[in-house]
Each structure stands twice: as C-alpha cells, then as structure tokens.
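Peer 1: Structure here, sequence nowhere to be found:
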C-alpha cells in the first residue's frame, strides 16, 4: 500500500549486546584482501563479516559492503586497518551483522529508539574476541538510513566515538531516519505485536465475596485465548497477570456504566511506525466490565473485549463464542466449571456514540475507543472508531 514516509530522530548507540534474527539473507562476497599482520583486536587480517538478516528481498550485503568501503577509504582516521571482508553466509565470522525487528537495549542505553548497536573496539584489548563481535541494526528503515547506521557501528568497531562526528557525521549520537512503509494492522494475520501479554486486573469495585468468582471468570477467558481461541488466536500466545498497571499491556477493571448500557467497553492502543496515520501493530488497551453484569457473564464479555483488542474490527472477526448475541447460544462455551447458564433474550441492539480521546492524555499513545455494547449483546453496529492517530514510541 502507498504510505507517506516521515522522518524521526533515533539513537545509534554504543553497547555490547543485541538480539539476532534466525534467517540468513544476502548473497555474494567481497574480494579477499591480501592477508597481512594487522594491529586489530583479532590480531589478523582479513576480518570476516557475516550477515544474519531476514529474507525480505533486500540486498543487505551491498549495504554492509558500502559501509566497509567508506572506512577503507578513511583508513588513516581509524584505530586499526579496516581489513574487513564481507562473506554473508560465513560459517565462522569474526563480526556478525544482525538485522533485528527492534533493539530493546544496548549496553548502558535502554531507550526504545535505538537503531544500531556495536561495541567500541580500539585494538587495545589484551585478548582477541573468542566469539563473533555483534553489530545490530534495526529493521524497517530505508537503504540510506540502514547504510548510515552501518557506517556508525563499524566506526565504533574501528575505535571511533560520537566525539568524531564533526569529521564523520555518521558518528553522530542521533541521526535522521526514514522508515519503510509497513502493512497496517488490519492487513496482518496477527496484528497484536506481543506474544506474551501482561494483564493488570483491578477488582477494587467488586465486593469481597464476589472477587473469587470474577477471578475465575477472567482466568477462563484468558485461558481460552491461550489455547488458541478455536483457531482464531495464535496458539503460542500467553497472558501474565501483573500487579503494576504501569507495566501492563492490557488493564481490566469493573465499573458501573450508569448510562443504561451494559456489557464491556474497550479502548485499543497501537503503534504507527511509518507515519501514515494508520496503526501498524496493536499493543494493548483497556477493558471495562459493567459492574451491573451477572458475574457469571464476565468471562464471556472479557473474551469478547479481548477479541477486539487483539485483532477484531467487527463481530465476524471474533472467535466463535462471541459472534452471537447470547452467551448461552454456544454450548462449547461452558465458562467456569459447574456453572449453569440461562438463556438470555437479547434486547434491541443500540450503540452509544464513540468516546473521543482525552486531549490531555499522553500524546505518544494511539487510542481507538469503541462504542458501548448493549446489555448482554455486542451491538451489530459496534465498531472501533479512530480517535486522532498518535504514536507509541
């Protein structure tokens, strides 16, 4: 799809660690330079550079080669001779360039906006590295950005620091980046980004004698999705209950709606990574269950709400138990063990207006808020309405 490309600042940070991807990409190899003694951390030349990258059709080998060529041309400015040779599928490389989905931490830097990571090597280490040195580059950026990041990180391998940015702009601590367009969440088979979902449950509005029932109902809904939700959800998705709402992906609470409607309300959060005003990933949200619901219906409404937070944009996208208006219609949805359900006659489906985003909320959060579902039946007309696209960093 067509999408406008925007720019943002991102750190190219120093460090020692970086996760690696599993697939190897890139083909071809550099001409082997003449082997000769070298004052480098490995004590030999050439220094073989392998590539560990997704098979996404991009020529990462050429981008790495271009970065290496840059430092060959500026060999007099670096700590040791840049005798790198790029061998994408090398079995025992000295350096591994890994292209990863994201960089969660890099040495002492733990920001969310790092686009590159590599150790600082200056040839003064008393022993040679015993494992491949890792250069990590974030995926999803255009070739110009990726090459700049590679120049930056290979500069660190060659002993240069951010203080050398006046002579070599690629060594700047922050660089301008351009994202590649990405599929919108609605186009992805599994639009929720995390496989492990942290859930915070707030039952402060539930009486003490009913909390055990609510807990069992909520656990049933979560277990249903962990088991694959009749093939609608990924089978490897897991939920972790957390006590701190600040670290939760999803918060679940109980509150009296007080406006004549009942059921569950939800607010979805997500990220727009390519600045096209559409969410590329769903990342969580809030579920609020009406305090006036019969506790035996909580699992059904929590399950329906989770379906919207994780993927669904309309009723037909929900797992089978939640596509119909009556929680008792599906005999496979038995709820808590031993629970008996009575047949519910759904009232006329009505939809209240979608709430708008609070202008005082965090401007880095993209929120989509839904209409309220009527008593005991999600409205046929209920839809997620977009409330001003904002970005989670």
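Peer 2: It's in. Remember, predicted model here, so these are calculated numbers, not experimental data. Residues are numbered from 1 along each chain as shown.
Peer 1: Tell me where this structure has helices.
Peer 2: Along the chain, counting by DSSP state H, helices occupy 60-73, 143-157, 211-226, 298-310.
Peer 1: Can you tell me which helices and strands the third one packs against?
Peer 2: What that stands for is helix 211-226. strand 196-202, strand 238-241, helix 298-310 (3 or more Cβ pairs under 8 Å, 6 or more residues apart in numbering; DSSP states H and E). For glycine as for every other residue, the C-beta is placed from the backbone atoms N, C-alpha and C.
Peer 1: returning to that earlier point: kindly compare burial across the helices of the chain and name the winner.
Peer 2: helix 298-310 (a mean of 27; mean count of other Cβ atoms under 10 Å).
Peer 1: Tell me which other helices or strands that helix touches.
Peer 2: Using 3+ Cβ pairs under 8 Å, 6+ apart: helix 298-310 touches helix 211-226, strand 250-255, strand 264-271, strand 281-290.
Peer 1: can you give me the angle it makes with strand 196-202?
Peer 2: 130 degrees (axes from the mean of the first three to the mean of the last three Cα atoms, to 10 degrees).
Peer 1: Tabulate the helices of the chain in TSV, adding columns for distance to residue 176 and mean pLDDT.
Peer 2: Below are the helices of the chain laid out as TSV (distance: least, Cβ to Cβ, whole Å; pLDDT from 0 to 100):
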stretch	distance to residue 176	mean pLDDT
helix 60-73	17	96
helix 143-157	8	95
helix 211-226	40	94
helix 298-310	34	91
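Peer 1: Would you mind putting these into TSV with distance to residue 195 alongside?
Peer 2: Listed next are the helices of the chain as TSV, based on distance: least, Cβ to Cβ, whole Å:
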stretch	distance to residue 195
helix 60-73	26
helix 143-157	26
helix 211-226	11
helix 298-310	11
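Peer 1: Please name whichever of those helices is nearest to residue 189.
Peer 2: The minimum distance between residue 189 and those falls on helix 298-310, with 11.9 Å, by Cβ to Cβ.
Peer 1: Could you measure from the nearest residue to residue 139 once chain neighbours are set aside over to residue 195?
Peer 2: Computed as Cβ to Cβ, 6 or more residues apart in numbering, the closest residue to residue 139 that is not its neighbour in sequence is residue 99, at 5.0 Å. Using Cβ to Cβ, to the nearest Å, we find residue 99 at a distance of 20 Å from residue 195.
Peer 1: Enumerate the beta-bridge partners assigned to the residue nearest to residue 139.
Peer 2: Beta bridges link residue 99 to residue 137, judged by DSSP bridges.
Peer 1: Show the contacting residues for it.
Peer 2: With contact taken as Cβ atoms under 8 Å, 6 or more residues apart in numbering, residue 99 is in contact with 21, 25, 51-54, 60, 137-139.
Peer 1: Among those, which ones are in strands?
Peer 2: Per DSSP state E, strands hold the following members of those: 51-52, 137-138.
Peer 1: Ranking by neighbours, what's the top pick from the residues you listed?
Peer 2: Within those, residue 137 tops the neighbour count with 29 neighbours, counted by other Cβ atoms under 10 Å.
Peer 1: distance of it from residue 160?
Peer 2: Relative to residue 160, and taking Cβ to Cβ, residue 137 is found at 17 Å.
Peer 1: Residue 215 now?
Peer 2: From residue 215 to residue 160 the distance is 56 Å (Cβ to Cβ).
Peer 1: same question, residue 183
Peer 2: Relative to residue 160, residue 183 is positioned 37 Å away (Cβ to Cβ).
Peer 1: The two: which is more packed in?
Peer 2: The neighbour comparison of residue 183 against residue 160 (other Cβ under 10 Å) goes to residue 160, with 24 against 15.
Peer 1: Spit out the contact partners of that one.
Peer 2: Taking Cβ under 8 Å, 6+ apart, one finds 77-79, 168, 171 in contact with residue 160.
Peer 1: In ChimeraX, how would I select the buried members of the residues you listed?
Peer 2: A single ChimeraX command is used to select the members of the contacts of residue 160 judged buried by 16 or more other Cβ atoms under 10 Å:
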select :78,79,168,171
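Peer 1: of all the contacts of residue 160, which comes closest to residue 274?
Peer 2: residue 171 (26.5 Å).
Peer 1: my guess is the closest one meets residue 161, correct?
Peer 2: Yes. When contacts are counted by Cβ atoms under 8 Å, residue 171 is listed as touching residue 161 (7.1 Å).
Peer 1: where in the stretch 51-200 of the chain is pLDDT low?
Peer 2: 110-112, 123-127 (pLDDT under 70).
Peer 1: Ignore what I typed, I meant the stretch 201-350 of the chain.
Peer 2: 275, 325-350.
Peer 1: so residue 217 makes contact with residue 303?
Peer 2: No. Residue 217 lies out of contact with residue 303 (Cβ under 8 Å); the separation is 9.5 Å.
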